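> got a predicted structure plus its sequence, pasted below:
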Amino acid sequence: MICSEEEFSRKNQAAESPLSAVFMPTGRIRTFRGFRIPAKPGSMEESGVYFFLIYGVVVNLIGFALMGIDKKRAIRGAWRISEATLFLAAFAGGALGTTLGMHLFHHKTRHWYFRYGMPALFLLQVFAVILYLKRNL
């Protein structure tokens, strides 16, 4: 449950303590097992770092899986996943997963645009994450 700072202070005026100033910054206040915990401005929670971390893990797992699935289909001679789809997964933030999948499954390693393009995309994504973290934390 999220409540405003005013609600929190009204409910807890009788229970003033020396720590109340520390735990009463401006911003949202959330509850955890009955305790109200404020989200500090500029914290990792408020800046969305957890969202980007979860997003990155999911997109990289998808990119890794796409490489493995495409390799398996290539061996069987079945319908394949297009190279554009593989690059789309990499552009969406899954360059690490597609690069690891490419090398682990020995798939698309002869194509120069995969051999050099995927690691280059990964380096660009690492650079973008570093810039984001420096500006927002």
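Perfect, thanks for sending it.
> please count neighbours and contacts with C-alpha atoms only from this point.
Will do.
> so what secondary structure elements neighbour the helix of greatest length in the chain?
Secondary structure of the chain per DSSP state H: the longest helix is helix 49-76. Here helix 49-76 touches helix 83-89, helix 95-104, going by 3 or more CA pairs under 8 Å, 6 or more residues apart in numbering; DSSP states H and E.
> how about a cut-off of 6 Å?
For helix 49-76, the elements it packs on are helix 95-104, judged by 3 or more CA pairs under 6 Å, 6 or more residues apart in numbering; DSSP states H and E.
> check which element follows the helix it packs on along the chain.
Past helix 95-104, further along toward the C-terminus, the next helix or strand under DSSP states H and E is helix 112-115.
> what sits up against that next one?
The set of residues that contact helix 112-115 without belonging to it, under CA atoms under 6 Å, 6 or more residues apart in numbering, is T109.
> tell me the buried residues in that helix?
Within helix 112-115, the residues scored as buried using 16 or more other CA atoms under 10 Å are 114-115.
> now the element after that helix, going C-ward?
Beyond helix 112-115 on the C-terminal side, the first helix or strand identified by DSSP H and E is helix 117-136.
> between helix 49-76 and that following helix, find me the angle.
Between helix 117-136 and helix 49-76, the angle formed by their directions is 170 degrees, by axes from the mean of the first three to the mean of the last three CA atoms, to 10 degrees.
> so which elements touch helix 117-136?
Judged by 3+ CA pairs under 6 Å, 6+ apart, helix 117-136 is in contact with helix 95-104.
> now do the longest helix of the chain against helix 95-104, angle only.
30 degrees.
> please identify the buried residues of helix 49-76?
Using 16+ other CA under 10 Å as the test for burial, helix 49-76 gives 49, 56, 59-64, 66-68, 70-71.
> got it, and stretch 115-128?
Using 16+ other CA under 10 Å as the burial criterion, the residues of stretch 115-128 that qualify are 115, 117-119, 121-122, 125.
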